[in-house]
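Engineer: Sequence below, structure please.
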Amino acid sequence: MTMPMGPGQRSAFTTDVVEVRPFTADDSAAELTLLLHQAYADHAAAGRVFFASYQSAQDTAERVSKGECWLAVMEESLVGTVTVAAPFAAPEGYPAPAGAGSFWQLAVEPAQRGTGLGQRLLTLAEERIAALGCGQVVIDTSSEASELVGWYRRRGYVPVDTWRWNVTNYESVVLVKDLLAR
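Structural biologist: Below you'll find the model as predicted:
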């Protein structure tokens, strides 16, 4: 699917077209890992060590294999990604509604921030989760990342609980959105 840039959205590249497509066997987990490290570097610099800020290419490949990974590509450069699973195989004790979908590794290249690409990837994730039969989506992020929590809340996500992953250095806020209320 090709996604043209909307009015007022800037592009660091010479074209205004972002192609969003599924990750394939021809794609590089190492290249995707580099994008994730770049996208999450600001969080790590602020002391919030998201797994995506340091995971290995092998970790990336494993996380991609647990869902549908979508890539945003502009001029053959990877500029964004999101991985979707519906239903979400939550770890025991994780405060997810039964049968909810989820997404992770939502990332936008720093030069593409403010273009609307993150919103388009979020919309894609929600649409895929709904298409796969789930009426709710559950996610989590650092409770300390107030700008990120606010971004999700403005998009209809409601905090429901907290969770502590063993691969991060912070407590996560768990957020849920009802997709049927659209």
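
Engineer: CA only for contacts and neighbour counts going forward, please
Structural biologist: Noted.

Engineer: Give the buried residues for stretch 140-147.
Structural biologist: For stretch 140-147, the neighbour count (16 or more other CA atoms under 10 Å) marks Asp140, Thr141, Ser142, Ser143, Glu144, Ala145 as buried.

Engineer: which residues touch that stretch?
Structural biologist: Under the criterion CA atoms under 8 Å, 6 or more residues apart in numbering, residues His43, Arg48, Phe50, Leu148, Val149, Trp163, Tyr170, Glu171, Ser172, Val173, Val174, Leu175 lie in contact with stretch 140-147.

Engineer: about what we covered before: pLDDT and distance to Ala86 for the buried residues of stretch 140-147 - can I get that in a markdown table?
Structural biologist: A markdown table is the format used below for the buried residues of stretch 140-147 (pLDDT from 0 to 100; distance: CA to CA, whole Å):
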| residue | pLDDT | distance to Ala86 |
| --- | --- | --- |
| Asp140 | 94 | 15 |
| Thr141 | 94 | 19 |
| Ser142 | 91 | 22 |
| Ser143 | 92 | 24 |
| Glu144 | 92 | 27 |
| Ala145 | 91 | 25 |
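
Engineer: packing partners for the helix or strand harbouring Lys177?
Structural biologist: Lys177 is located in strand 172-178, with elements delineated by DSSP states H and E. The helices and strands touching strand 172-178, judged by 3 or more CA pairs under 8 Å, 6 or more residues apart in numbering; DSSP states H and E, are strand 136-142, strand 158-163.

Engineer: List the contacts of the closest residue to Thr81 other than its chain neighbours.
Structural biologist: Counting by CA to CA, 6 or more residues apart in numbering, Thr81 lies nearest to Leu71, which is 4.5 Å off, once chain neighbours are set aside. By CA under 8 Å, 6+ apart, Leu71 lies in contact with Glu19, Val20, Arg21, Pro22, Phe23, Leu78, Val79, Gly80, Thr81, Val82.

Engineer: Reformat the residues you listed as a markdown table; add distance to Ala98.
Structural biologist: Output for the contacts of Leu71, formatted as a markdown table (distance: CA to CA, whole Å):
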| residue | distance to Ala98 |
| --- | --- |
| Glu19 | 33 |
| Val20 | 29 |
| Arg21 | 29 |
| Pro22 | 26 |
| Phe23 | 27 |
| Leu78 | 34 |
| Val79 | 33 |
| Gly80 | 29 |
| Thr81 | 26 |
| Val82 | 22 |
